[in-house]
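A.B. asks: from the sequence below, what's the structure:
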Amino acid sequence: MRGNPFRFVFLSKYDWIIVGAGFTGAVLAERIASGLDRKVLLVDRRDHLGGNAHDYPGPYGILIHKYGPHIFHTNSAKVWSYLSRFTAWRPYEHRVLGAIDGKLVPIPFNLDSLDALFAPAEAARLTRLLIDTHGIEKSVPILKMREAGGPLGELADFIYAKVFENYTLKQWSLRPEDLDPGVSARVPVRISRDGRYFQDTYQAMPQEGYTALFARMIAHPNITFAASTRYEDVAGQGEKVVFTGPIDEYFAFEFGALPYRSLRFELEQWEVEEAQPVGTVNYPNDHAYTRITEFKHLTGQRAAGTVTVKEYPLAHLPGRTEPYYPVPTPGTAEKLKPYLEAARALEGKVWFAGRLGDYAYYNMDQACARALALFEKQILPNFRDDK
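C.D. replies: Next up is the predicted model:
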């Protein structure tokens, strides 16, 4: 979807204004329009639908994820069932390899990674130690694993140095131990030979892409969507507001700017059928970029050529870059507190939600679950009879 096909003559008044047309905003727009039968104005300052999950047809007809790879996975039957109303699915299990010591090994680091990087006898010995200590088919956060002494502590230090440390420095400009432990725990050490990046119950890609999913989600007569539109342009046209943009931006950075990380993307097209063996290859220790993703693996499309994207992390500069990731540290949690207090003072009129609105490192399914819970627990009980 290119350009801005979403230009409308605004009504004089809406029941709700929702700012941000990503997962959180679009789900809430659909729920309020369908579940409450209210008029919703959904706006996004960018020129398209879908937020960071937006995709579009690129070279060779390949579906390009404009803001880097978005692979859907969830353990929530509720989220899966809800989204399945708006898309058919293409089963897809994401696999990632890491370029380590001149070899491509499975990420998260597992027993096959161990075999690839160590001599057979040493790999077998370490495998036995891992299984005896933690158990087979277990996942262990690297920071917890480093607490061990002896050979397993040495192995943990090796994995930390080769897989986590430099990648985290590039991605966050912080060391793994300086971040919330949940960040490194997202990519644990796996004592198994399961090479899938995710182990969720449901793993798939929207068959026609995310933009098509969102278009169906908001195809309701009660929803008006306006792209290239800022909240300031429509403030006052709705009695109630859900804001999914940066919470500090809403309050004009009154308590200081919160830190975010951003990304720069570099697309490349290749006159070959396949550029790499799996969807994503990580480069923890080489190059300024962190990873390269080839979209054909994700979409299942066939074409004579292919398209890849390199991701270069960088600091977010308000007004100049996109804020992709809140920075989860104890220090930023303290900086967030006055904004949360200011948000509480607006309860009943303005709600904040989503990765930027909540300042939380959500996956797509978590953003969807957050929106569904907000509707069911706060909005529906309080406003079902307010017409």
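A.B. asks: tell me the first helix or strand C-terminal of the helix or strand bottoming out on mean pLDDT in the chain.
C.D. replies: Lowest mean confidence among the helices and strands of the chain (mean pLDDT, DSSP states H and E): helix 181-185, at a mean of 87. Using DSSP states H and E, the helix or strand that follows helix 181-185 in sequence is strand 189-191.
A.B. asks: who's in contact with the least confident helix or strand of the chain?
C.D. replies: P141, I142, L143, F164, T168, W172, P176, P328, Y361 (Cβ atoms under 8 Å, 6 or more residues apart in numbering). No exception for glycine: its C-beta is placed from N, CA and C like everyone else's.
A.B. asks: secondary structure class for the fifth one?
C.D. replies: Put simply, T168 is helix when judged by DSSP: H, G, I helix; E, B strand; the rest coil.
A.B. asks: just the CA trace of stretch 89-107, in CSV.
C.D. replies: Output of stretch 89-107 as CSV, limited to C-alpha atoms (Å, rounded to 0.1, in the frame of the first residue of the first chain):
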residue,chain,number,x,y,z
TRP,A,89,-2.3,-17.7,7.9
ARG,A,90,0.8,-19.2,6.3
PRO,A,91,2.5,-21.6,8.7
TYR,A,92,6.0,-20.3,9.3
GLU,A,93,8.6,-21.2,11.9
HIS,A,94,11.4,-18.6,12.0
ARG,A,95,15.0,-19.7,12.0
VAL,A,96,18.0,-17.6,12.8
LEU,A,97,21.7,-18.3,12.3
GLY,A,98,24.5,-16.3,13.9
ALA,A,99,27.9,-15.6,12.2
ILE,A,100,30.3,-16.8,14.9
ASP,A,101,34.0,-17.6,14.3
GLY,A,102,33.5,-18.0,10.6
LYS,A,103,30.5,-20.3,10.9
LEU,A,104,26.8,-20.0,10.8
VAL,A,105,25.3,-21.6,13.9
PRO,A,106,21.7,-21.7,15.3
ILE,A,107,20.5,-18.8,17.4
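A.B. asks: how about that stretch: buried residues?
C.D. replies: 89, 92-100, 104-107 (16 or more other Cβ atoms under 10 Å).
A.B. asks: equivalent analysis for stretch 46-56, please.
C.D. replies: By neighbour count with 16+ other Cβ under 10 Å, stretch 46-56 contains the buried residues R46, H48, L49, G50, G51, N52, A53, H54, D55.
A.B. asks: ditto for stretch 230-237
C.D. replies: Y231, V234.
A.B. asks: just the residues contacting that stretch, thanks.
C.D. replies: With contact meaning Cβ under 8 Å, 6+ apart, stretch 230-237 is reached by 10-14, 17, 19, 41, 43, 45, 226, 241, 243, 245, 250.
A.B. asks: restricted to strands, list those.
C.D. replies: Per DSSP state E, strands hold the following members of the contacts of stretch 230-237: Y14, I17, V19, L41, V43, A226, V241, F243.
A.B. asks: would you turn these into CSV with pLDDT, distance to F352 and neighbour count?
C.D. replies: As requested, those are exported to CSV (pLDDT from 0 to 100; distance: Cβ to Cβ, whole Å; neighbours: other Cβ atoms under 10 Å):
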residue, pLDDT, distance to F352, neighbour count
Y14, 94, 19, 21
I17, 97, 13, 22
V19, 98, 10, 27
L41, 97, 17, 24
V43, 97, 16, 24
A226, 96, 20, 20
V241, 97, 9, 20
F243, 98, 5, 24
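A.B. asks: closest one of these to A29?
C.D. replies: A29 has its nearest neighbour among the ones in strands among the contacts of stretch 230-237 in L41, at 8.7 Å by Cβ to Cβ.
A.B. asks: so what pairs up with that closest one in the strands?
C.D. replies: When assigned by DSSP bridges, L41 has beta-bridge partners I17, T224.
A.B. asks: which residues does it contact?
C.D. replies: Counting by Cβ under 8 Å, 6+ apart, the residues that L41 touches are F10, L11, Y14, W16, I17, I18, T224, A226, V234, Q237, G238.
A.B. asks: returning to that earlier point: between the contacts of helix 181-185, which sits nearest L111?
C.D. replies: In terms of Cβ to Cβ, no member of the contacts of helix 181-185 lies closer to L111 than I142, at 15.4 Å.
A.B. asks: from A360, how far out is that closest one?
C.D. replies: 22 Å (Cβ to Cβ, to the nearest Å).
A.B. asks: neighbour count winner among those two?
C.D. replies: I142 (23 against 15; other Cβ atoms under 10 Å).
A.B. asks: secondary structure element holding the most far-flung residue of the chain relative to its centre?
C.D. replies: For the chain, the C-alpha farthest from the mean C-alpha position belongs to A121; by Cα atoms, centre = their mean, that distance is 39.4 Å. Under the criterion of DSSP H and E, A121 resides in helix 120-134.
A.B. asks: model confidence over that helix, on average?
C.D. replies: Average pLDDT, helix 120-134: 96.
A.B. asks: quick one: contacts of whatever helix or strand comes next after that helix?
C.D. replies: Next along the chain after helix 120-134, taking DSSP H and E as the criterion, comes strand 138-140. For strand 138-140, the external contacting residues (Cβ under 8 Å, 6+ apart) are P108, H134, P188, V189, R190, I191, S192, Q199.
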